[in-house]
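[1] structure for this input, please:
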Amino acid sequence: MKVMIKCSLVFVLFLIFCGTAMAEQNASGREGEPAGTNQAPRKIRITTALPDGDQPVMTDRESELSLKGPVNDMVLAQVPKAPIAYTPLWKGLDKLSLSDKENAIIQLEVPHDLPATWLKQVKEIEELWKSGNFDGAIEYLRSLEESEVIRDIAVGISWKAPRMISGTKLSTDVQIGARQNITKPCLDFHYDTGNLFAVLKRSDPTAWTVNLSTDGGQTWQETYAWNAGAGESAIDLDAAVVADYLYVGYVASNFPHEARMRRFFASDGSSDAAYGYQVVFDKDVDINEVALASNADSYDNRIYYWAILADHFLVYYWDVASDGTTWTEVATGIDEAFTCLDACCNAGYSNYFLWASYADLGDSLHVVRISNGGIDDIKLFGVIISHGLSIGAYDDRIMAVFEYLDDDIRYWISYDGGDNWGYGVLASTGTHYSNPEVTARKGGGFSVIYEAETGEPDTCYYRRRDYDMANWTAPKPFNEVDVSTGTPMCIEWVPPCYSYGSIWIGGGNTRAYFDRQAPWLCGDANGSGLVELGDVVYLITYLYKNGPAPVPLLSGDANCSGVVELGDVVYLITYLYKNGPAPPC
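    Model prediction:
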C-alpha cells in the first residue's frame, strides 16, 4: 500500500510539474523568458520625428497637409468588386472532371457549434466522396444546400497530386496558375526544404488556394482550393510558415465572427487532414481583417493570429507552432483599430519580439510592440494614410511604410526597438503611388515594393536599404505584366540565395504573378560589381584577419548556403580558376 501511495504521489507531482511547465510557456518562444504579466497596455503618442539620414522630417507641403486633420471619409484598403455569378457548392463539385474528382479529397466546413446529428450528415457526404460515390455525395450536398438545413457550408479540396502547373512565363514574370479574379496574395517560404508558398484570395466561390513552388518560383502547382458557399466569399486571409507547417488564417462571410485556421505540410503543401480547421476565437463579433506572423526566423516555435473586429477592437492570440489548437489571448486594450492590419516578428530582439501596424478611425498610423511583459500601442501622430500600410522588423530596427494621402510612399523607422522614430520619403514625384509592402528578414536590410500609376502597363518598383543607413537604392521597375491599380502586393525574403520574391495582381483577368529581385551579386564581397580575385582576398581577410565584412554580409555568400564561411572562398576559387559553376544568383 505504501508503495502504491508513493507511486501515486510521484505521478501527481509529475503532472503538477508538467502543468506548471506548460503554464509557463511564453509567447516569444525564447527559453528562460517570463510567461508574461497582467500589465495594462500602454498608449504612446509620437508627436515629433527624428531626422532619418538625409530625408527631411517635414516639408512645407507635408506641414500644409497635416493641418487638414483626419480624412475620415476615405475608403481605405478596398478593391472594387465586379459582380460575380455565385455557384452552389454542389454545382462546383459536379463541374469537376472525373479525373479531378478522383484526385480530390473534400472536407466540408460548417459552424463549429452545429448539433451532432447535422455534423453526422456532413461526415456522411465526405465518406461518400472518399468511397468514389461522387454522384451520391453531390446529390446529398445539394439536398442540404437547397433545403437550407445547414445554411452555412464551405468546402476544402486537397489535391492528391498537385494540379494546375504554373501558367505562362513572360520573361521574368511567372503567372501563378490560371485562376482569375485574385484580390490578395500572401507569400512565405520554408527554411528546411526551400519551398515557396503563395496563398491567393479570390473574389469568386473558390475563395482561396494554396500554391507550391519547389524551384524558387519558376513553376507553381496548386495543392489546395477552399470554396465558400453560394453567394459567400472569404472576407480576409493571411498565411505564415513555421516549423513544419504552412498556416492559413481566414474569415468567411458565412462564418464572419469565426477566426478560422487551416494548416498544410511544408514538405509538399498537402492539407493536414487530421488538423482539419480550427476556430482560433469566436467573440460573436464580425471580423474585418486578419494578419498572421511566426517566429520562423528565430526559435521557429510560435504562430500568431491578429484580427481587427467590426467593433474596432484589435485582438491577438498565439500558440505553440506544433500544436495550433490551444490558443492564448493577450488583451491589447486597443479599441480604435480600423484597417490596414499587418504583423511581423522581430528576430534578434532585445525586448519586443512581435510587432503589428494598423490605421485608426482617424486615419493615423499605429504600431504595436509586444514583449513577454506587456504591450505598447504607439501612435505616430499626424500621419494620414490611404490604402497601404506594412511593417517589417529585424534586430530592433523597425520600419512601417505607408501610402500618404493617396499619393506618396513614406515610412517611419526606429533603430532602437521603437523608443525613438525617424521619418522619410520613398516616392513623391507627382505620380500616384500606392500599396507599399516591406520585409526586413534574414539580415538583408529593408526591401520595399510599391505601385505607380504610370499608364498601361502600370509599374511595380523595388527599393532596398541597409538597416542602419538611409542609403536607398534607386527605384527599380520589375514587372512586365500590367499591375492592376489599387490591388495589394507582397514581398518576401525567399530561397534560393535569399533574394526577394514578390507577387502582384495584374493582366486582363487579375491573375497573380511572381518575380524575383536580386539585391546584390552573390560572391561580390567587395562590392565592385564583379566577381573576381579581389572578392576571394576580401573574404579571406574578413574571415581570418579581422577585416571588414561584406556589405551587405550575404553578398559574400557565393554558394548561397545562408552563411559566409570558408566554403564561399572555395566556391569562388573553383568558379574562377577550375571552371566551376558560377554563383547561382
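
[2] what would stretch 481-488 look like as CSV? C-alpha coordinates only.
    The C-alpha coordinates for stretch 481-488 follow below in CSV (Å, rounded to 0.1, in the frame of the first residue of the first chain):
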residue,chain,number,x,y,z
VAL,A,481,2.7,42.5,-67.0
ASP,A,482,0.4,45.5,-66.1
VAL,A,483,-0.3,45.7,-62.4
SER,A,484,-4.0,46.2,-61.6
THR,A,485,-4.2,49.6,-59.9
GLY,A,486,-5.1,49.6,-56.2
THR,A,487,-4.5,45.8,-55.7
PRO,A,488,-2.3,44.6,-52.8
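
[3] off-centre distance for that stretch?
    Using Cα atoms, centre = their mean, to the nearest Å, the distance from the centre of stretch 481-488 to the centre of the chain it belongs to is 19 Å.

[4] contacts for stretch 329-336?
    For stretch 329-336, contacts defined as Cβ atoms under 8 Å, 6 or more residues apart in numbering pick out 27, 36, 40-41, 43, 281, 311-318, 360-362, 366, 368, 370, 375, 377. C-beta: built from backbone N, CA, C; applies to glycine.

[5] now with 7 Å?
    When contacts are taken as Cβ atoms under 7 Å, 6 or more residues apart in numbering, the neighbours of stretch 329-336 outside the stretch itself are 27, 40-41, 281, 312-317, 360-361, 368, 375, 377.

[6] now for those residues, which pair is the farthest apart?
    27 and 361 (27.3 Å; Cβ to Cβ).

[7] returning to that earlier point: pick out the lowest-pLDDT one from the contacts of stretch 329-336.
    The lowest pLDDT within the contacts of stretch 329-336 belongs to residue 40, with 67.

[8] list the buried ones in stretch 465-473?
    Taking 16 or more other Cβ atoms under 10 Å as the neighbour-count basis, stretch 465-473 is seen to contain the buried residues 465, 467, 472.

[9] coming back round to it: between residue 27 and residue 361, which has more neighbouring residues?
    Neighbours per residue (other Cβ atoms under 10 Å) separate residue 27 from residue 361, with residue 27 holding more: 22 against 13.

[10] ok, that one touching residue 318?
    Yes - counting by Cβ atoms under 7 Å, a contact exists between residue 27 and residue 318, whose distance comes to 4.6 Å.

[11] spit out the residues that contact those two alike.
    The contact lists of residue 27 and residue 318 share residue 302, where a contact means Cβ under 7 Å, 6+ apart.

[12] circling back to that earlier point, out of the contacts of stretch 329-336, flag the one nearest to residue 302.
    Lowest distance from residue 302 to the contacts of stretch 329-336 (Cβ to Cβ) belongs to residue 27, with 6.6 Å.

[13] the closest one belongs to a helix?
    No - under DSSP: H, G, I helix; E, B strand; the rest coil, residue 27 sits outside any helix and is assigned coil.

[14] doesn't residue 202 make contact with residue 184?
    No - no contact is recorded between residue 184 and residue 202 when judged using Cβ under 7 Å, the distance being 8.7 Å.

[15] run through the stretch 351-500 of the chain and note the low-pLDDT ranges.
    Screening the stretch 351-500 of the chain residue by residue with the criterion pLDDT under 70, one finds the ranges 381-382, 406, 498.

[16] now residue 94, nearest residue through space, not along the chain?
    In space, residue 94 comes closest to residue 138 once its chain neighbours are excluded; the distance is 5.1 Å by Cβ to Cβ, 6 or more residues apart in numbering.

[17] okay, residue 506 and residue 319: tell me how far apart.
    The gap separating residue 506 from residue 319 is 36 Å, by Cβ to Cβ, to the nearest Å.

[18] who's more crowded, these two?
    In this comparison of residue 506 against residue 319, neighbours counted by other Cβ under 10 Å, the higher total goes to residue 506 at 26 against 21.

[19] contacting residues for the more buried one?
    479, 481-484, 513 are the contacts of residue 506 under Cβ under 7 Å, 6+ apart.

[20] now the residues you listed in a markdown table, with neighbour count?
    Rendered in a markdown table, the data for those read as follows (neighbours: other Cβ atoms under 10 Å):
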| residue | neighbour count |
| --- | --- |
| 479 | 24 |
| 481 | 22 |
| 482 | 17 |
| 483 | 24 |
| 484 | 19 |
| 513 | 28 |
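
[21] next step: those residues restricted to strands.
    Counting by DSSP state E, the part of these found in strands is residue 513.

[22] residue 129 belongs to a helix, doesn't it?
    Yes - assessed by three-state DSSP, residue 129 belongs to a helix.

[23] find the nearest non-adjacent residue to it, please.
    Leaving aside its sequence neighbours, residue 129 is closest to residue 137 (4.1 Å, by Cβ to Cβ, 6+ apart).

[24] could you verify my assumption that that neighbour touches residue 127?
    No - shown here, residue 137 and residue 127 do not form a contact pair, counting by Cβ under 7 Å, at 8.3 Å.

[25] between the two, which one's more packed in?
    Under the criterion of other Cβ under 10 Å, the comparison of residue 137 against residue 127 puts residue 137 first, with 23 against 12.
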